[in-house]
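**Student:** give the three-dimensional model of this entry:
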Amino acid sequence: VGSLFQPASIAVVGASRAPEKIGHQVLVNLQEFDGTIHPVNPSAEGEIFGREFVASVTEIDDDVDLALVAVPAPVVPDVIEECAAAGVDAAVIYAGGFAEAGPEGEDRQERIVETATDHGMAVLGPNTSGFVIPGDGLCGSFASGVEEVPAGGTCVIAQSGGVAHSLAFQTLREGRGLSAMVGLGNRATVGFPEAIGYFDDHADTDAIVLHVEGTDRGRELLEASRAADTP
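**Tutor:** Predicted coordinates for the structure are as follows:
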């Protein structure tokens, strides 16, 4: 999951000039990111924040480590297939309407997992509010204000994006900060074991806090927690 949490280049799929759109707020939150950003939208032309729109990730000449996918659920599986074809290593899917939403959503999520597994792609979500790593200036979230959370030594890994952001804003109010905040959502391919393993080795993380609503990988979760030696 290294490319997910430590990308050098990011494509924002569903990038938008409209302030009310998630694809716009994601771009706003990425302004402190010191890597390359590619806004992707087949319906848009020109530039946004000084970066040229492209119609698809497959039209980006450079390598893309991470795709932040801010499009409606029905088109997400096609976008993930395009990302896989373009060699994108990781993706964050913000939209809901997948395994939590009945049979049709389950089919969408199964298609995403199949594509990601076949191409070795790490997928955070779907149905996630994203992640933030303050010390790296990396805000892969659409929540307004979360980019203000200062760096600290605690990593929050939460099944609920709402809980993750609530804890992040609490640390902001208390002046404590976080090393990272991750909302796992539906855990397509990145779940508790993967996130714990990554942040256990994260230089800025002294402690990991988990919010667990339920898991079908209980033994893996326990083993990952026991293996973690942070600090």
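
**Student:** mind listing what's buried in stretch 57-76?
**Tutor:** Across stretch 57-76, burial judged by 16 or more other CB atoms under 10 Å covers 57, 60, 64, 65, 66, 67, 68, 69, 70, 71, 73, 76. Just so you know, the C-beta spots here come from the backbone N, C-alpha and C atoms, and that holds for glycine as well.

**Student:** gap between the two ends of it?
**Tutor:** Terminal residues of stretch 57-76 are spaced 13 Å apart (CA to CA, to the nearest Å).

**Student:** now swap in stretch 110-127 and tell me
**Tutor:** Comparing the first residue of stretch 110-127 with its last one, the separation is 14 Å (CA to CA).

**Student:** can you tell me what sits against that stretch?
**Tutor:** 1, 3-4, 73, 76-77, 80-81, 83-84, 88-98, 100, 109, 130-131, 161, 182, 184-186, 188-190, 194 (CB atoms under 8 Å, 6 or more residues apart in numbering).

**Student:** got it, and stretch 16-30?
**Tutor:** Counting by CB under 8 Å, 6+ apart, 10, 12-15, 37, 39, 41, 44, 48-49, 68, 70-71, 94, 130, 139-144, 146-147 sit against stretch 16-30.

**Student:** and that stretch, how far out from the chain's middle?
**Tutor:** 15 Å (CA atoms, centre = their mean, to the nearest Å).

**Student:** buried ones in the helix of greatest length in the chain?
**Tutor:** Residue-count comparison of every helix in the chain, with assignments taken from DSSP state H, identifies helix 103-119 as the longest. Taking 16+ other CB under 10 Å as the neighbour-count basis, helix 103-119 is seen to contain the buried residues 105, 108, 109, 111, 112, 113, 115, 116.

**Student:** from these, pick the one nearest residue 167.
**Tutor:** Proximity of the buried residues of helix 103-119 to residue 167 (CB to CB) peaks at residue 109, which lies at 25.9 Å.

**Student:** tell me where this structure has helices.
**Tutor:** With DSSP H as the criterion, the chain has helices spanning 2-5, 22-29, 76-85, 103-119, 161-174, 192-200, 218-227.

**Student:** average model confidence for the fifth one?
**Tutor:** This points to helix 161-174. Confidence for helix 161-174, expressed as mean pLDDT, is 91.
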